[in-house]
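# need a structure here:
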Amino acid sequence: MNFGDELKKYMKELDCSTKDICKISGLSPTLISRYLNNKRCPKADSIYMKNIIDSLYAISQQKGINLSKKSISENLISALNNDEIDYEIFVTNFNTLLDELKISTVDLSKSLGYDTSFISRIKNKERRPADLESFIEKLSWYISNNYNDIDQKQKISSLFGCDIHILNDKDQYSKIAYTYITSSHAPKNDDIEKFLTKLDTFKLSDYVKTDFNKIKIPTTPILLKNSKTFYGVEGRKKAEGEFLKITLLSKSKEPIFFYSNLPILKTGEDETFKKKWILAITMLLKRGLHLNIVHNVDRPLNEMLMGLECWIPVYMTGLISPYYFETPPSNFFLGSHCVSGSVSMSSECLKNNEDKSRFYLTTKKDEVEFAKEKASYMLKKAKPLMKIFKENEIKELDSFMKKQDKSRIKNVEKEMFTNIDFSIYDDEWIMINKKNSPEIHFVIYNKKLISAIKNWIK
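Predicted structure coming up:
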């Protein structure tokens, strides 16, 4: 019997739920679920294991069931798979931590006593520490001693699947980090699966409720005298709506630029707003306007995928150039910058608070020109997020594939999908191949997204 089954057995005997264990242990429902489904397994001497044993014993005492803490501990620990540390798992989790926490390899190498080049070789699986366990212990202490502000702890608690308050204890923080680094898991699988399922089933014509070629572009001009200011989440929807309308009804053929690192959870949950927004974007594409968008990949993975999900209809047309910043701008204030040939929109909001936001919309010629210059500068600093091949670009796709080393390409199909499969080129790129509605191929270059999709596939 494995650990998940042993835990289920105790829960059945005690007639308790995941919620009951979480309430006492301080562990997250997601983590307990992964234990029960045998997707993760705690270390015998970890704080995770101790908290689960303590919670089961406490519940047995509350219900008057005669169970000893020693027997619970022995049975759960004996169900563990006590193999040596899996190096592939370690490297995957090591790279995830470096990406998610923006850990400087220079600072890390100084703290751990290694050359920077050696750390880089570990990342690329070219070298292995002589004493892997000691290396992971040092890494765990480095994280627990250097990542302690509230934003960092919120991200770490989500990543590790633990209560944020546990991270206030340095010893427990370090043990939890060690457990995460050495555990087999695929973080945020549900978010990846939701995104890929949407891509698999998506049909552009169904989403906009009409065929692309039948969309009629309105001609009645919308006038904005100089500028307007909007506030809050509802203000954001109005500002973005007016920006799109003015752009659509102007005579300018200049490309459109979008960048935003604003939170998107509240606007992303408004299906009516999303559909209107996508319909307006689709109209802009029909007018022949090109879109340059810089995606913010520094946001939590669930938000990043929600943002990409909103752009799926646009990607289906193949009339968009997506980018990302390798080192995104970051401050106490988040913001956005959007400009077309006739109007610009800028915004700022307090970090982690969508309601405390302000949006400035203007058609003043000098301000729009300045916004264009800023957009041009931002594009020069951005990197391509993905390359997109439409169904009429098969020759270009064939040319791209001929330049690749075929021995490094792994083709993967998943039974749950009927319309997409994957081509993986080591850690350099991953291609999502959509077979119809319409046929399109996305070659993704962003390391964070590659790692998340590969982990999900595994």
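# just the strands in the stretch 301-450 of the chain please.
For the stretch 301-450 of the chain, applying DSSP state E, counting those that start in this stretch gives strands covering 320-324, 333-339, 344-350, 357-362, 383-384, 386-390, 409-412, 420-425, 429-434, 440-444.
# can you give me the mean pLDDT across the fourth one?
In other words, strand 357-362. The predicted model assigns strand 357-362 a mean pLDDT of 92.
# give me the buried positions along it.
Residues 357-359, 361-362 are the ones in strand 357-362 that count as buried (16 or more other Cβ atoms under 10 Å). For the C-beta atoms, the positions are set from N, CA and C on the backbone; glycine is no exception.
# tell me which helix or strand of this structure sits lowest on mean pLDDT?
Lowest mean confidence among the helices and strands of the chain (mean pLDDT, DSSP states H and E): helix 204-207, at a mean of 66.
# before we move on, the earlier item: what would the strands of the stretch 301-450 of the chain look like in JSON lines with distance to N95?
What follows is those, written out as JSON lines (distance: least, Cβ to Cβ, whole Å):
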{"stretch": "strand 320-324", "distance to N95": "17"}
{"stretch": "strand 333-339", "distance to N95": "26"}
{"stretch": "strand 344-350", "distance to N95": "31"}
{"stretch": "strand 357-362", "distance to N95": "33"}
{"stretch": "strand 383-384", "distance to N95": "18"}
{"stretch": "strand 386-390", "distance to N95": "20"}
{"stretch": "strand 409-412", "distance to N95": "18"}
{"stretch": "strand 420-425", "distance to N95": "15"}
{"stretch": "strand 429-434", "distance to N95": "15"}
{"stretch": "strand 440-444", "distance to N95": "16"}
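# nearest to F90, of those?
strand 420-425 (20.2 Å; Cβ to Cβ).
# can you list the strands that that closest one pairs with?
Using DSSP bridges, the strands paired with strand 420-425 are strand 409-412 (antiparallel), strand 429-434 (antiparallel).
# what's the closest of those to K266?
For those, proximity to K266 was assessed by Cβ to Cβ; strand 429-434 is nearest, at 27.8 Å.
# okay, the angle between the closest one and strand 386-390?
30 degrees (axes from the mean of the first three to the mean of the last three Cα atoms, to 10 degrees).
# relative to strand 440-444, how tilted is strand 429-434?
Counting by the same axes, to 10 degrees, strand 429-434 lies at 160 degrees to strand 440-444.
# is M306 in contact with T267, as I believe?
No. Contact criterion Cβ atoms under 8 Å: M306 and T267 do not qualify, at 9.5 Å.
# show me how this structure divides into domains.
Using automatic domain parsing, the domain parsing of the chain gives 3-78, 87-182, 189-457.
# what residues does G26 make contact with?
The contact partners of G26, taken as Cβ atoms under 8 Å, 6 or more residues apart in numbering, are 51, 162-163, 165-166.
# repeat that for 7 Å
The contact partners of G26, by Cβ atoms under 7 Å, 6 or more residues apart in numbering, come to 51, 163, 166.
# what strand or helix carries the first one?
The one in question is N51. helix 47-62 (DSSP states H and E).
# from the middle of its chain, how far away would that helix be?
Helix 47-62 has its C-alpha centroid displaced from the chain centroid by 33 Å (Cα atoms, centre = their mean, to the nearest Å).
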